[in-house]
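> Could you work out the structure for the sequence below:
(chains A and B)
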There are 2 protein chains.
Amino acid sequence: MTAVVPSTSVRLDPADLHASLSDPAMRSMNFLNEVAGRFPDAISFAPGRPTEDGFDLADLHAYLDAYALHLAETKGYDRARVHRELFQYGRTKGIVHELIARQLELDEGITVDPEAILVTVGAQEALWLVLRALRATDRDVLLAVAPTYVGLTGAARLLDMPVRPVREGPDGVDPDDLLAQLAAARAEGLRPRALYLVPDFSNPSGRSMTLPGRARLLEIAAEQDLLLLEDNPYGFFQAVEGERPPTLKALDTGQRVVYLGSLSKTCFPGARVGFAVADQRIAGRDGAGGLLADELSKAKSMLTVNTSAVSQALVGGMLLKHGGSLLRANRRQIDTYRRNLDCLLRGLARRLGGLDGVHWNTPGGGFFVGLTVPFPVTDELLDVAANRYGVLFTPMRHFHDDDEVAAHQMRLSCSSLTTDQIETGLDRLTGFITARI
Amino acid sequence: MTAVVPSTSVRLDPADLHASLSDPAMRSMNFLNEVAGRFPDAISFAPGRPTEDGFDLADLHAYLDAYALHLAETKGYDRARVHRELFQYGRTKGIVHELIARQLELDEGITVDPEAILVTVGAQEALWLVLRALRATDRDVLLAVAPTYVGLTGAARLLDMPVRPVREGPDGVDPDDLLAQLAAARAEGLRPRALYLVPDFSNPSGRSMTLPGRARLLEIAAEQDLLLLEDNPYGFFQAVEGERPPTLKALDTGQRVVYLGSLSKTCFPGARVGFAVADQRIAGRDGAGGLLADELSKAKSMLTVNTSAVSQALVGGMLLKHGGSLLRANRRQIDTYRRNLDCLLRGLARRLGGLDGVHWNTPGGGFFVGLTVPFPVTDELLDVAANRYGVLFTPMRHFHDDDEVAAHQMRLSCSSLTTDQIETGLDRLTGFITARI
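The predicted model follows:
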């Protein structure tokens, strides 16, 4: 507080507000979401957004009607009950849990009791709720494969929960480093509660775990009594046709995995619907209400009460329109992302191939490519790129607390651009980079 | 964790999860939201829900179209931009902030910079975000007028933030007790950061603050350098026509008041849209981004990213359809609530008037009446009332940590019933009560 004497106007001291609000990591999400708006004419490789060419207002109306019809015909609700379901307060764990369970079965081979699903305001809320449950004491810490999704870092900061990095290896997680980090944390008297990772086309690195890597990780989790927080927003978006590797959750026989589902990329971000699959049993709470999902639900009831019924109806209606499968709903989008990633990778090779100190990875799918350049990539330099060259990207340092390699990297996202925009954007990016080396 | 040796199946110990999840207060919200579902044939005086007779699926379509038209015509957005606004990730602070600012001006005489408004997933998220910002150290505590909205208690529990009760007086807050509680907390080395209250038709007591009471509270807040968290879900719902007392925020000249707005009662709960007006300046963060709303926005970006664009569009469309005024949009609902409250109060007098140890208050509006009976009102007894008498209510102990008076009270809500249901419900309630005295 500013003073004990009356003041005409409140002036809050940042030192009197929670430390997370002064933490640079907390500005990243706003920065990443809003940077595109600051330079409307720039071509932006920054945001991890879905393609926009499928968006149509008429679809929203159709989804809503499809869900209302489903309530009437499949559930047998009368008109008043349908309206109550859409307009009133509702079940804290959500109303589209059965449709989501069916989708997981159809698209991912994950068999799960719908009662173990908690529908949330995007995967971000699910993530926060899981961290809230696991951060029981000052000793509870989280491990995360680095580089790490900035939303994980931010959610942990809101809970003063330390996040300790684990190295990314060729299989997705370096198992030796994981074991070393577990041992180190425990030697300090800490309790590593879970490992957070994005096994498929990770944000920001684009890396994916191999099947043996997944099996080994589950083995370590069982041996070390560790939970795995599997975040899977990009799993559908393989660059080449063929069998997708199973998710950790599909391989999980001991409820080691809390699965975090985002529908922002597979339905649309404006619905803000995600979910957690939390089928872990709670000791002493047998029978109904005895799952981790039920514990998370208590916290959710005090955070956002429930997820918007209309938003859930839109997502539910979209599922119904595509036979319950999001893989089917995303056929065209998957093609778009394939074409875009191919265009980006070929375009980089054509323009920057062989340049000293310039290299990039070749992800097997997803939205992101990591590009390394021989100069530090800062937010200030991003301003120069936007102003003088009309091109945007994300400095990789947003995803690392402190890392020398990441300091020279940028994340390039191609998901919401056309191939023409990618080509023009790469021309501009090449101008920006070659002027600096 | 259960064991350090591998286990076939995870079994989490409640003692290893955050303490809030085992706190009885955390079960209240789920209990209150879902109790009605457990007894579908009972008449329920339990939920603080809006009336359902205005709900119509066709309205959702109309609101969505009205907002899309507004974006096209008033904002000049082309088709692609309209779709982007509804479908994509968006501004963390929200997209209907200007419409909300206009509504506050029209309906409440509150003049506020739209930039000081943070649109949230219901008022509940706004409340949590404010508490998160103010809970900077272990010394930071909250004061709350008791009995207290259970969502406040729960949000504070999620942050391990102590809530210290302040007595309700005839003016709404007992100023002497407020000063005494402030002094006591400070003597213990604590920092009381804010006082939470519902000045209009409080949940659960139904009480309202007088104008002199409001003025005195603002005076104390300035003298004591205290913030006021004004939660106002029921202000429109006066029992008698006439001038409404101004909100604390309308009287606030020193940015002492953080105003929490719920649109669940004035629009509809299924949208899950609320907001905070947080126009407090942050020292050293001058210019754009220097308001408490901007600090809250950073935390929100890591909690729910942004509020569903479609939900905001529905609320925005509803505002547009009624000339920007929610008071106008709620004319019929206000009449319904008046008729219901009158029916409830007359019905209580007719059936229970003069009975020893049975009395109730006469709120000037809102959804709630507090009924005192000469026996303890427990959740177990609620089960008896539901099963044997077909009537539901809320035991007042859900709103008190520990209080002798509240232990004998029930909250009766009449907002989502018809007058016929109220009469039948009161007959049943009378049977239940008279069998016990």
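> Okay, now the unreliable bits of chain A?
A:1-7, A:29-30, A:32-36, A:401 (pLDDT under 70).
> longest helix of it?
Across chain A, the longest stretch assigned as helix under DSSP state H is helix A:331-352.
> Flag every buried residue along that one.
A:333-334, A:336-338, A:340-341, A:343-345, A:347-348, A:351-352 (16 or more other C-beta atoms under 10 Å in any protein chain shown). In this view, the C-beta of every residue, glycine as well, is placed from N, C-alpha and C.
> Heading C-terminal from that helix, find the next helix or strand.
Sequence order places strand A:359-360 as the next helix or strand after helix A:331-352, per DSSP states H and E.
> what lines up beside that following strand in the sheet?
Paired strands of strand A:359-360, with direction, are strand A:368-372 (antiparallel) (DSSP bridges).
> by how many degrees do the partner strand and helix A:331-352 diverge?
10 degrees (axes from the mean of the first three to the mean of the last three C-alpha atoms, to 10 degrees).
> any idea which helix or strand comes after strand A:368-372?
Criterion used, DSSP H and E; the element after strand A:368-372 is helix A:379-384.
> next one: phi and psi at the closest residue to A:Ala215 other than its chain neighbours?
Spatial nearest neighbour of A:Ala215, excluding adjacent residues (C-beta to C-beta, 6 or more residues apart in numbering or on different chains): A:Leu251 at 6.9 Å. Main-chain torsions, A:Leu251, degrees, to the nearest 10: phi -90, psi -10.
> Assess the claim that A:Leu251 and A:Arg214 are in contact.
Yes - using C-beta atoms under 8 Å, A:Leu251 is in contact with A:Arg214, at 6.0 Å.
> Mind checking which of these two has more residues around it?
For the pair A:Leu251 and A:Arg214, the greater number of neighbours falls to A:Arg214 (24 against 17), based on other C-beta atoms under 10 Å in any protein chain shown.
> Can you give me the buried ones in stretch A:424-435?
So, applying 16+ other C-beta under 10 Å, buried residues of stretch A:424-435: A:425-433.
> ok, and what's touching that stretch?
A:43-45, A:344, A:347-348, A:351-352, A:355, A:358, A:373, A:384-385, A:388-391, A:393, A:412, A:417 (C-beta atoms under 8 Å, 6 or more residues apart in numbering or on different chains).
> let's go with 10 Å and repeat that
A:42-45, A:343-344, A:346-348, A:350-352, A:355, A:358, A:371, A:373-375, A:381-382, A:384-386, A:388-393, A:410, A:412, A:414, A:417-418, A:422 (C-beta atoms under 10 Å, 6 or more residues apart in numbering or on different chains).
> Ok, stretch A:180-192 next?
With contacts defined as C-beta under 10 Å, 6+ apart, stretch A:180-192 is touched by A:134-144, A:162, A:164-167, A:174, A:178, A:193, A:195, A:220, A:223-227, B:1, B:4, B:16.
> again, but for stretch A:220-227
Contacts for stretch A:220-227 (C-beta under 10 Å, 6+ apart): A:130, A:134, A:142-143, A:173, A:175, A:178-179, A:182-183, A:186, A:192-196, A:217, A:228, A:248, A:252-258, A:278, A:280, A:292, B:1-10, B:12.
> could you flag which of these are buried?
A:130, A:134, A:142-143, A:173, A:175, A:178, A:182, A:192-196, A:217, A:228, A:248, A:252, A:255-258, A:278, A:280, A:292, B:1, B:10, B:12.
> Please flag which of those residues sit within strands.
A:142-143, A:192-196, A:228, A:257-258, B:12 (DSSP state E).
> Got the domain ranges for chain A?
Under the assignment automatic domain parsing, the domains of chain A span A:14-54+A:331-434, A:64-325.
> Pick out the residue of the stretch 151-300 of chain A closest to chain B.
A:Gly154 (3.1 Å; C-beta to the nearest C-beta).
> Show me whatever sits in contact with both of A:Leu251 and A:Arg214.
Contacts common to A:Leu251 and A:Arg214, judged by C-beta under 10 Å, 6+ apart, are A:Pro245.
> before we move on, back to that, mind listing what the residue nearest to A:Ala215 touches?
A:109-110, A:211, A:214-215, A:217-218, A:245, A:257.
> And the host helix or strand of A:Tyr67, what's buried?
Element membership of A:Tyr67, judged by DSSP H and E, is helix A:57-73. With burial defined by 16+ other C-beta under 10 Å, the residues of helix A:57-73 counted as buried are A:57, A:59-61, A:63-64, A:66-68, A:70-71.
> And those residues, which is closest to B:His83?
A:Leu57 (6.6 Å; C-beta to C-beta).
> ok now do the nearest residue to the closest one once chain neighbours are set aside, which residues does it touch?
Once flanking residues are discounted, A:Leu57 sits nearest to B:Ala68: 5.7 Å by C-beta to C-beta, 6+ apart. Shown in contact with B:Ala68 (C-beta under 10 Å, 6+ apart): A:57, A:60, B:77, B:79, B:82-83, B:85-86, B:313, B:316-317.
> at 7 Å what do you get?
Contacts of B:Ala68 were listed using C-beta atoms under 7 Å, 6 or more residues apart in numbering or on different chains, and they are A:57, B:82, B:86.
> How about A:Gly390?
A:41-43, A:428.
> Let's see which of those residues end up in strands.
Checking the contacts of A:Gly390 against DSSP E, those in strands are A:Ile43.
> And the furthest pair within the contacts of A:Gly390?
A:Asp41 and A:Arg428 (11.1 Å).
> and the stretch 151-300 of chain A, which residues reach chain B?
Residues of the stretch 151-300 of chain A lying close to chain B by C-beta under 7 Å from any C-beta of the partner chain are A:151, A:154-155, A:157-158, A:222-223, A:225, A:254-256, A:268-272, A:280-285, A:292, A:295, A:297-299.
> Now, of those residues, which are buried?
Using 16+ other C-beta under 10 Å, the buried ones in these are A:151, A:154-155, A:157-158, A:222, A:225, A:255-256, A:268-272, A:280-282, A:285, A:292, A:295, A:297-299.
> Tell me which of the residues you listed fall in strands.
Filtering these for strands - DSSP E - leaves A:281-282.
> contacting residues around A:Ala62?
Counting by C-beta under 7 Å, 6+ apart, A:Ala62 touches A:317, A:321.
> ok, it to A:Leu71 distance?
To A:Leu71, A:Ala62 is 15 Å away according to C-beta to C-beta, to the nearest Å.
> Repeat that for A:Gly316.
A:Gly316 is 9 Å from A:Leu71, by C-beta to C-beta.
> try A:Leu417
A:Leu417 sits 38 Å away from A:Leu71, going by C-beta to C-beta.
> A:Thr419 against A:Arg339, yeah?
Yes - A:Thr419 is in contact with A:Arg339 according to C-beta atoms under 7 Å; the separation is 6.2 Å.
> With B:Ala25 as the reference, measure out to the residue of the stretch 201-350 of chain A found nearest chain B.
The nearest approach of the stretch 201-350 of chain A to chain B comes at A:Met302, 3.1 Å away (C-beta to the nearest C-beta). Using C-beta to C-beta, we find A:Met302 at a distance of 9 Å from B:Ala25.
> Quick check: neighbours shared by these two?
Counting by C-beta under 7 Å, 6+ apart, the residues touching both A:Met302 and B:Ala25 are B:Gly154.
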